[in-house]
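Colleague: Structure of the sequence below:
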Amino acid sequence: MCDSKRMTVFSGTSNPELAEGIAEHLGVELGNIKIRQFANGEIYVRYLESVRGADVFLVQSVCSPVNSTLMELLIMVDAAKRASARTITAVIAHYGYARQDKKTAAREPITARLVADLLTVAGVGRVITMDLHQGQIQGFFDLAVNHLTALPILEDHFRGLGLEDVVIVSPDVGRVKVAKKFADMMGAGLAVLHKGRPEHNVAEITHVIGEVEGKVCIISDDMIDTAGSVTEGAKALIAQGASEIYVCATHGIFSPPAYERIHDAPIKEVVVTNTVPVPEDERNERIRVLSVAPLFAHAIANVFNDESVSELFDPDFQL
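Modeller: Prediction:
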């Protein structure tokens, strides 16, 4: 009888760069898996190596095309469960549908909860994710959720720039707690943009709360989708006398027309991580992509070895 545990790491099709980076830092090879689509778009998955009795880690960002990548992850989970995997951990660097975490109008869904239910029913035993849109999404799961944050990685980057007179800017009131945490880490001031949304993916900045005149402003958000919020925020900050504008976010979704808006906005640099793939031809002096693969690899190793994951985030702070 052999009691030794076995780790296997498999990548979905949404973010192979991140998966390869995680495997490299773990010192393992990515598992052999076949993922194909039938002519009508249905997804086929087959593990080309045994996962019986193994601790399986599935790396998949739920990003564009969102519905396909989510369904692909669910099918990967189901295939691993039916192949007698010992445990199944979904490493979801970007949790799709996280913005739909509550009802804001009558007859709306709570889709973030629906995704949690789908993952649970499919057979996931643990989720490792990063910078959820709202931390309470963890409560949608009746299983372990390790919620990592990219703030230390972003802090290291901006400290390396040697910026002075820095103010961290929250793009809306809902992000103030995270922005305050980032400001404390940076030893910087705090400002808040008062934002309204007349419709989806449309942002209107009505007020700037805080002292930004002559300051270097860093707008900190969890994701950049069409870039409407951050570019309008940058314009509002410049109008209030800010000297330079930087933008940082964990998830760079960059749906059209994000790149055009960023190019036309008074922003010196946009810093995101590789939780969502950013095309190589869009990475330039304006858009910087930092890797979170070491952080995810550390979390996976600690989970596999039954060690604490709390050292990878602040246990007294929930995003």
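Colleague: all contacts plus neighbour counts: C-alpha atoms, from now on.
Modeller: Fine.
Colleague: Pull out the buried positions in stretch 146-154.
Modeller: Buried residues in stretch 146-154, counted by 16 or more other C-alpha atoms under 10 Å: Asn146, His147, Leu148, Thr149, Ala150, Leu151, Leu154.
Colleague: State the helix or strand in which the second one lies.
Modeller: Right, the one you point to is His147. Assigned by DSSP states H and E, His147 falls within strand 144-148.
Colleague: Against which helices or strands is the next helix or strand after that strand packed?
Modeller: Using DSSP H and E, the next helix or strand after strand 144-148 towards the C-terminus is helix 151-160. The elements that helix 151-160 packs onto, with contact taken as 3 or more C-alpha pairs under 8 Å, 6 or more residues apart in numbering; DSSP states H and E, are helix 176-186.
Colleague: from the chain's centre, how far out does stretch 54-71 sit?
Modeller: 13 Å (C-alpha atoms, centre = their mean, to the nearest Å).
Colleague: now swap in stretch 209-220 and tell me
Modeller: For stretch 209-220 - counting by C-alpha atoms, centre = their mean - the centre lies 24 Å from the chain centre.
Colleague: Run through who's touching the strand holding His147.
Modeller: Gly125, Arg126, Val127, Ile128, Thr129, Met130, Asp131, Leu132, Gln138, Val309, Leu312, Phe313 (C-alpha atoms under 8 Å, 6 or more residues apart in numbering).
Colleague: residues contacting the first one?
Modeller: Which is Gly125. Thr87, Ile88, Thr89, Ala90, Leu143, Ala144.
Colleague: now do the second one
Modeller: Neighbouring residues of Arg126 by C-alpha under 8 Å, 6+ apart: Ile88, Thr89, Ala90, Leu143, Ala144, Val145, Asn146.
Colleague: One more pass at 6 Å, please.
Modeller: Contact analysis of Arg126 by C-alpha atoms under 6 Å, 6 or more residues apart in numbering lists Thr89, Ala144, Val145.
Colleague: And the buried ones among those residues, selectable in PyMOL?
Modeller: Applying 16+ other C-alpha under 10 Å to those, the buried members can be selected in PyMOL as follows:
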select buried, resi 89+145
